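Undergrad: generate a structure from the sequence data that follows.
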Amino acid sequence: MEKETYEKVEALAARRLTEQQIADVMNISLDQLKKDRNQISRFREAIRKGRAKGEAELRGALYKRARTGDIQAYSELLRREKQQGND
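TA: Residues are numbered from 1 along each chain as shown. Got it, this is the predicted structure:
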């Protein structure tokens, strides 16, 4: 997978698109991709990293709002923390 493609997959994954949605947006055949172990591995790695980056960005924004006294942001941070413990 080319660096540019990898970065696009990461960016879409950060927005919580599914594996299939990302493939559809990028006009990639998921079935074809699955036939090449290295390619599907890189694709899924980009998704994993992209989701982590998206979550970090979202939590950062929530943290910033919670620090200013936004109770809803604080509650969402706690909910996400609890949810992460259950994964």
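
Undergrad: what count of nearby residues applies to residue 74?
TA: Applying other C-beta atoms under 10 Å, we find 15 residues neighbouring residue 74. All C-beta spots, glycine's among them, are computed from the backbone N, C-alpha and C.

Undergrad: contacting residues around the helix or strand harbouring it?
TA: For residue 74, the enclosing helix or strand under DSSP states H and E is helix 71-86. Residues from elsewhere that reach helix 71-86 (C-beta atoms under 8 Å, 6 or more residues apart in numbering): 55, 59, 62, 63, 65, 66.

Undergrad: okay, those in CSV with pLDDT, distance to residue 3 and secondary structure next?
TA: Output for the contacts of helix 71-86, formatted as CSV (pLDDT from 0 to 100; distance: C-beta to C-beta, whole Å; DSSP: H, G, I helix; E, B strand; the rest coil):
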residue, pLDDT, distance to residue 3, secondary structure
55, 94, 23, helix
59, 95, 27, helix
62, 96, 30, helix
63, 96, 31, helix
65, 97, 34, helix
66, 96, 36, helix
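
Undergrad: helices or strands up against whatever helix or strand residue 60 lives in?
TA: Assessed by DSSP H and E, residue 60 sits inside helix 37-67. Applying 3 or more C-beta pairs under 8 Å, 6 or more residues apart in numbering; DSSP states H and E, we find helix 37-67 packed against helix 3-14, helix 19-25, helix 30-34, helix 71-86.

Undergrad: quick one: closest of the ones you listed to residue 48.
TA: With C-beta to C-beta, the closest approach to residue 48 among the helices and strands packed on helix 37-67 belongs to helix 3-14: 7.6 Å.

Undergrad: pull out the buried positions in the closest one.
TA: 6, 8, 9, 10, 12, 13, 14 (16 or more other C-beta atoms under 10 Å).
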